[in-house]
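J.: sequence and predicted structure below; questions after.
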Amino acid sequence: MMISRSNTRNDIMSLETAAAVARGGFACIFSSSDEYERALIKERRARGRYIFSRGGWSTTILIALLITIVGMVVYWT
């Protein structure tokens, strides 16, 4: 059984084309993981994900601490 050279050459070329197309599907727009992380954080900040509120728990804890101190002073005097 003999395989013709032209048929083999066409098969090899089609395999190379298919491999190039398959590799193209794995392409990434980022050159490194650091670049990806920076872009991810930038996008999340743009969506408001990393915005911290001024107050919130810190104000609540401060008020609770002041009430506790006043309560202790009133109790011991």
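T.: Structure received. Numbers count the residues shown, from 1 in each chain.
J.: drop to CA atoms for contacts and neighbour counts, all remaining ones
T.: Noted.
J.: run through who's touching stretch 49-60.
T.: If you take CA atoms under 8 Å, 6 or more residues apart in numbering as the criterion, stretch 49-60 is touched by 44-45.
J.: can you give me the helices in the chain?
T.: 5-24, 33-46, 57-76 (DSSP state H).
J.: need these in TSV with mean neighbour count and mean pLDDT, can you?
T.: Listed next are those as TSV, based on neighbours: other CA atoms under 10 Å; pLDDT from 0 to 100:
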stretch	mean neighbour count	mean pLDDT
helix 5-24	11	81
helix 33-46	12	92
helix 57-76	11	92
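J.: if I look at the residue most central in space within the chain, how far off is Phe52?
T.: Nearest to the mean C-alpha position of the chain, by CA atoms, centre = their mean, lies Leu40 at 4.6 Å. Going from Leu40 to Phe52 by CA to CA, to the nearest Å gives 18 Å.
J.: just Ala19 next, same as before
T.: 48 Å.
J.: dump the residue contacts of the residue nearest to the centre of the chain.
T.: Per CA under 8 Å, 6+ apart, neighbours of Leu40: none.
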